[in-house]
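> model this:
(chains A, B and C)
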Amino acid sequence: MSKILVVRDLKTQFFTYGGVVQALDGISFYVRKGETLGLVGETGCGKSVTALSILRLVSPPGKIVSGEILFEGEDLLKKTEEEMRKIRGYKISMIFQDPTSSLNPVITIGHQVSEPFIYHQGLKKTDAEESTIVLLKSIGIPDSDRRYKDYPHEFSGGMRQRIMIAMAVACRPSLLIADEPTTNLDVTIQAQLLELMKEFQRKYETSILWITHNLGVVAEICNRVAVMYAGTVVEVGDVRTILCAPSHPYTRMLKDCVPTTSQSKKRLQIIPGTVPNLINPPTGCRFHPRCRDAIDICKTKKPKKTEIGPGHIVSCWLYSNNK
Amino acid sequence: MKRIRRNVASKYKLWRARIKPLAKEIRLSLYIVRRSPVTLIGLMIVAIFLFITAFGYIIAPYDPIAQNLDKRFQPPSYEYIFGTDELGRDIFSRVLCGARYSIQTGIVVLAVAVPFGAVLGATAGYLGGKYDEIIMRVTDVFLAFPGLILAMLISAALGPSLQNTMFALAVVWWPLYTRLVRGQALSVRESAYVEAAKSMGASHLNIILHHILPNCISPVIVSVTMDLGMIIIWASGLSFLGFGAQPPLPEWGRMITEGRIYIFKAWWLTAFPGIAILFVVLAFNLVGDGIRDILDPRLRRVVEVRGK
Amino acid sequence: MGLRRYILRRLGLMIIVIWGLITITFIVSHVIPVDPVALWAGEKARMQELDIIRKRYHLDEPLWRQYIYFFQDLLQGNLGISPVTNRPVLQDLTYFFPATFELALLSLIMVMALGILFGVFSALKRGSITDHLLRIYSLTGTSMPIFWLGVMLQFVLYFSLDWLPLGGRIDAQWTRITGFVLLDTLIAGNLHGFLDAFKHMIMPAFCLSFSSMGLVVRITRSSMLEVLGADYIRTAKSKGLPKNVVIYKHVLKNALIPPLTALAWTFGNLLQGAMITETVFSWPGIGNYAASAIYTLDFPAVMGFTILAGISVVVVNLITDLLYLFIDPRIRMLEAA
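Predicted coordinates for the structure are as follows:
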């Protein structure tokens, strides 16, 4: 299968008054056509920044400093703003976390959803309206011809997220970036939306980059997983391997944190310490201060990427034959 | 003996624990202020202004009401920094001494209007129902009145003088605070701590004074700093129209209207008092902006994250 | 259904508020230590004249009865006769009204149009020189005593540079048809008069709009900045919408809501500012009329003027609130509830 998205050594930084926040420290991963890659990590590890970087929507004081983002073979970082604009919403779309704040409150939802049709496919207003009504219905919004004229605040949270999904998939993008779309919703709605996404993927062979911190969702929908910590990718592999037999210490500790019913009533597991300050990140491996298996070299040198299985990459000194 | 020492020690620790977050807040506020040079300039000007207010009569080179008919209409010079007016009085001295009337008016008006309006607003917001309706209707009537007209009316009715102007402006200003605090009180009264106080049997007055009002403070503080400038402009405007300070008081608005007749002959009579008003009000507005930035929770959060 | 009820409720409130306004004005202007009659009659009046005037204005009767007389007259549309000008107040008001209206309209247009324009510009070009200059202007605007500004403008633009006339409304000849000098000169084909009238209007209008414009620039700018950073704008960008669609459709629709609500405040501000500006520029409008009426304790005139001002402020408030309802769909739902 071909790789639709290849991110190589992406470095994004934020130049603030307090210092330079090194949000992404040279991350690399890829997404194959038709598959779902989960991007997992704690809050603040850089997942959203990654998503915004791919679409080049990082706003000042943030800046993509170096790296390559190859989409369908072309480096997005070398494109002009006008070329990027044609790609956004058309070839690559994004679904945001909070549908309430992500929808324009004073424009009807019908209008907002039909915008990709109008501006990317050049449809006339009436044709776009028709396509939108059909789209809304397929996405699970009843009475879509009447509700076309309604405003976002007249819908429930789950409905609003469906509207966001509708906006994103209107032009059948090749890559869909979903930034924690179900985090704010209750579990039943979450299940419905996951089904919706899976069906969409089946029909149109869309690739999805699914950002979340919920391992349950990962198990449900992802084919492969990339684990992030403090702006670095620590482990990438297929979902079975990562969830059942993780290699990187951080992934292992994450897995241990998820309480299971099979465990007896022990205390909840935590990862001691806190997420590091990205203005002054730890030297060497960024996880070493909290890692229970850290060795000397972890404190001074950044770990190299090692392939320890088919498609399974770990960034950890424990697994590389260090000199 | 030991027990006393232990008590003192634990009391000190308690005090320290309470002071710590407050100290952090103060440090954060100062950091925000330091980062905004404009606010600092405002603070400096306000400081100078307050100094002049206190010591104006002492540092003025000439007596502000002493007439010197030989030296009428002197242009600004080394001897008379701002020149002299139609009666030979030194304008620089008059400007310096006039500072206190402006600030006096501002402080007095706010000192009367704010407590009165705030307590009324807190009561209306907290009690709700018909009390709220009545108080707000009365407030609406006052607010519907174009303030300047009401102030002029009261000043004229009582007889033009600076004191009557202060009273008139206080009457105009209190409804603003009633409305402001009422809005805050409406949301505060749903809070858990108010419920807790009620369940412990606190009287309405007690709740209003100790719980509602303190939590409505921050928009009031911002409003007060902005209003101070406004009141100074209005007071001098009223004096300009003849309703406020009367001669020979060197109030800035009064000086402008007196000097206006001679403007084509001697522009310095009107120019300098006006510049004084402009600078002072500008300074208060800058400081008000700075205070608003300090109290803005969003800005605080951003600064905290960056500084961590 | 909810809308009709809302308007009715507001109208009801309006009537109560105006009644309260009238009552307060009445009380303030009648319960005073100074005897106005002497002021009205002039210095040379004799005791009998004073008594006649007093009788004519019912000043010898108890306060509550004066109040009733006043309302009786009012409900018949009679605002009384001004003891100072000896003309019916209503006539005076209608005579002076157009001048103020023209001035206020020009100022309002300047304030809203230029204020919003500058505010939007300032926000879009954030951090640039233009932005800084505009921010300085808006700050100065809200700190400026307009009576002083007016006098200084007269000094510079009339005396020093001789660009604009000193004051008054028009120097050229014109025939009064509607009372609106700009309109009348156009109707009569009097181009010279039109330009002359316009030149007279520039300084007072600028002066009047100065501080309100500063505030509108400020409100617009901060509202724009807030909207520009909002999540839904990020969504709009992520959809690949063209830049001007994002700005004109998505941003402005949201950002212009606060400045529009400043409209009501601006109107009130202009009304008050008119009193000062008209005094400075000798503009024959109701502001000038009111200022001198208050000074001479001309009750009927003061009452008449206050009623007029009060009604217009309340009406403008209502209109702005309705406008707000139209623009922001979220409010519609809240009000209907």
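
> need the residues of the stretch 51-200 of chain B near chain A, please.
Within the stretch 51-200 of chain B, not a single residue sits near chain A (CB under 8 Å from any CB of the partner chain). Heads up, the C-betas are built off the backbone N, CA and C, glycines and all.

> what's the helix or strand for whichever residue of the stretch 51-200 of chain B sits closest to chain A?
For the stretch 51-200 of chain B and chain A, the shortest gap (CB to the nearest CB) falls at B:Ser187, measuring 20.0 Å. Per DSSP states H and E, B:Ser187 falls inside helix B:162-188.

> am I right that A:Phe29 sits in a strand?
Yes - under DSSP: H, G, I helix; E, B strand; the rest coil, A:Phe29 falls within a strand.

> and the residue lying closest to it once chain neighbours are set aside, which helix or strand is it part of?
Closest residue to A:Phe29 apart from its sequence neighbours, by CB to CB, 6 or more residues apart in numbering or on different chains: A:Ala226 at 4.6 Å. Here A:Ala226, judged by DSSP H and E, is contained in strand A:224-229.

> that strand pairs with which strands?
With DSSP bridges as the test, strand A:224-229 is paired with strand A:36-40 (parallel), strand A:232-238 (antiparallel).

> using JSON lines, lay out these together with mean neighbour count and mean pLDDT.
Formatted as JSON lines, the strands paired with strand A:224-229 follow (neighbours: other CB atoms under 10 Å in any protein chain shown; pLDDT from 0 to 100):
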{"stretch": "strand A:36-40", "mean neighbour count": "26", "mean pLDDT": "92"}
{"stretch": "strand A:232-238", "mean neighbour count": "25", "mean pLDDT": "91"}
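
> and B:Trp234, which of those strands is closest to it?
strand A:36-40 (59.2 Å; CB to CB).

> run the chain-centre distance for the closest one.
6 Å (CA atoms, centre = their mean, to the nearest Å).

> can I get that strand in CSV, CA atoms only?
Extracted C-alpha coordinates of strand A:36-40, given in CSV (Å, rounded to 0.1, in the frame of the first residue of the first chain):
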residue,chain,number,x,y,z
THR,A,36,-6.2,4.9,10.2
LEU,A,37,-3.1,5.9,12.2
GLY,A,38,-3.7,6.8,15.8
LEU,A,39,-1.7,9.5,17.3
VAL,A,40,-1.6,9.0,21.0
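
> need the next SSE after that strand, C-terminal direction.
Counting by DSSP H and E, what follows strand A:36-40 is helix A:47-54.

> what's the first helix or strand after that next one?
Assignment by DSSP H and E places the next element after helix A:47-54 at strand A:62-71.

> does that following strand reach chain B?
No - judged by CB under 8 Å from any CB, strand A:62-71 and chain B are separated, with a smallest distance of 13.0 Å.

> can that strand be found next to chain C?
No - Strand A:62-71 does not reach chain C (CB under 8 Å from any CB); its nearest approach is 12.6 Å.

> please name the strands paired to that strand in the sheet, noting orientation.
Here, using DSSP bridges, strand A:62-71 pairs with strand A:3-16 (antiparallel), strand A:74-75 (antiparallel).

> just the CA trace of whichever helix or strand comes after the shortest one, in PDB.
The helix or strand immediately downstream of strand A:74-75 is helix A:81-87, counting by DSSP H and E. Included here for helix A:81-87 are C-alpha records, laid out as PDB according to Å, rounded to 0.1, in the frame of the first residue of the first chain:
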ATOM      1  CA  GLU A  81      -0.200  29.700   0.600                       C
ATOM      2  CA  GLU A  82      -2.600  29.600  -2.300                       C
ATOM      3  CA  GLU A  83      -1.600  26.000  -3.100                       C
ATOM      4  CA  MET A  84      -2.200  25.100   0.500                       C
ATOM      5  CA  ARG A  85      -5.600  26.700   0.500                       C
ATOM      6  CA  LYS A  86      -6.600  24.500  -2.400                       C
ATOM      7  CA  ILE A  87      -5.600  21.500  -0.500                       C
END
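
> can helix A:81-87 be said to contact chain C?
Yes - shown here: helix A:81-87 in contact with chain C (CB under 8 Å from any CB) through A:Met84, A:Arg85, A:Lys86, A:Ile87.

> interface residues of the stretch 1-150 of chain C facing chain B?
C:13, C:16-18, C:20-21, C:24-25, C:28-29, C:31-34, C:139-140, C:142-149.

> in helices only, show me those.
If you go by DSSP state H, the residues of the stretch 1-150 of chain C next to chain B have C:13, C:16-18, C:20-21, C:24-25, C:28-29, C:139-140, C:142-143, C:146-149 in helices.
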